[in-house]
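In: Need the 3D shape of this:
(one chain, ligands or ions: 1)
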Amino acid sequence: MIRLSELPSDVQESVARTREKVAALHAELPRNELVVWTAGNVSERVQIPPDADGVPGLFVIKPSGVSYDELAAENMVVCTLDGEKIEDGTPDRLRPSSDTAAHAYVYRHMDGVGGVVHTHSTYATAWAARSEAIPCVLTMMADEFGGDIPVGPFALIGDDSIGRGIVETLRGSRSPAVLMAQHGPFTIGADAKAAVKAAVMCEEVARTVHFARAYGEPPRIDQEQIDSLFDRYQNVYGQ
Ligand SMILES: O=C(CO)[C@@H](O)[C@@H](O)COP(=O)(O)O
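Out: Modelled structure (predicted):
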């Protein structure tokens, strides 16, 4: 069993910083109306200093079923990339999110991913209920998702099934979001904040396209224009 208190001090400091970030980012889920009750979770890969030999990959995720207003850095759970909780200073009985296996699978198989988010946000989940990809009919979709928001396979919670479906779907897409069939959106990012942003934007475009379709099928943006918009937004937009 890995004990956090026995890891190098710079690793412990990195874990502490990650716990603070992940705890704070969970407040964005209710604030952006992406969750009801406790139905969403955020995680972030711990940045392990390059000279920390022998330290395994770790990530931080919320404890399962704990109300968002009770989340704090102190109760964020630290796990190995196999999804096993380490001795992280939280009570042994405090279990990590029920989606821990899915987050862990993504971290094991997508090296560039530093953050993962899962919600059941209403409009994105309605598209997932129909197992229907959200077509790229908005410039905001081209900017953020580089095309359609894809649908992943139906999979049961608790083992690698969901994680495998996320990875296999996103490997073939520029999108940082995937709608797992009849379940809901999972998003990824370079860090947890980027994954939370993708979850917010996924719900926003799911809602907009839903309303646009009420009056007919909106036309998909031409692929060349999608590519141009995606390139500008990813490489020029912002500061
Ligand atoms: O949908 C499910 C469970 O079926 C979970 O994603 C959701 O309730 C969040 O669970 P956690 O509180 O992260 O364990």
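In: If you count residues, where's the longest helix of the chain?
Out: Ranked by residue count under DSSP state H, the longest helix found in the chain is helix 192-212.
In: Could you tell me which residues within it count as buried?
Out: With burial defined by 16 or more other CB atoms under 10 Å, the residues of helix 192-212 counted as buried are 192-209. Every C-beta, even on glycine, is put in place using the N, C-alpha and C of the backbone.
In: Keep those residues, but drop any that are not near the ligand.
Out: When CB under 6 Å from any ligand atom is applied, no member of the buried residues of helix 192-212 is adjacent to the ligand.
In: Please put the alpha-carbon coordinates of the longest helix of the chain into CSV.
Out: Provided in CSV are the C-alpha atoms of helix 192-212 (Å, rounded to 0.1, in the frame of the first residue of the first chain):
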residue,chain,number,x,y,z
ALA,A,192,-9.1,19.5,-14.8
LYS,A,193,-10.0,23.1,-15.6
ALA,A,194,-9.9,22.4,-19.3
ALA,A,195,-12.1,19.3,-18.8
VAL,A,196,-14.6,21.3,-16.8
LYS,A,197,-14.7,23.9,-19.6
ALA,A,198,-15.4,21.2,-22.1
ALA,A,199,-18.2,19.9,-20.0
VAL,A,200,-19.7,23.4,-19.8
MET,A,201,-19.4,24.0,-23.5
CYS,A,202,-20.7,20.5,-24.3
GLU,A,203,-23.9,21.2,-22.4
GLU,A,204,-24.2,24.6,-24.0
VAL,A,205,-24.1,23.4,-27.6
ALA,A,206,-26.2,20.4,-26.7
ARG,A,207,-28.9,22.8,-25.6
THR,A,208,-28.5,25.2,-28.5
VAL,A,209,-28.6,22.5,-31.2
HIS,A,210,-31.6,20.9,-29.5
PHE,A,211,-33.6,24.1,-29.9
ALA,A,212,-32.3,24.8,-33.4
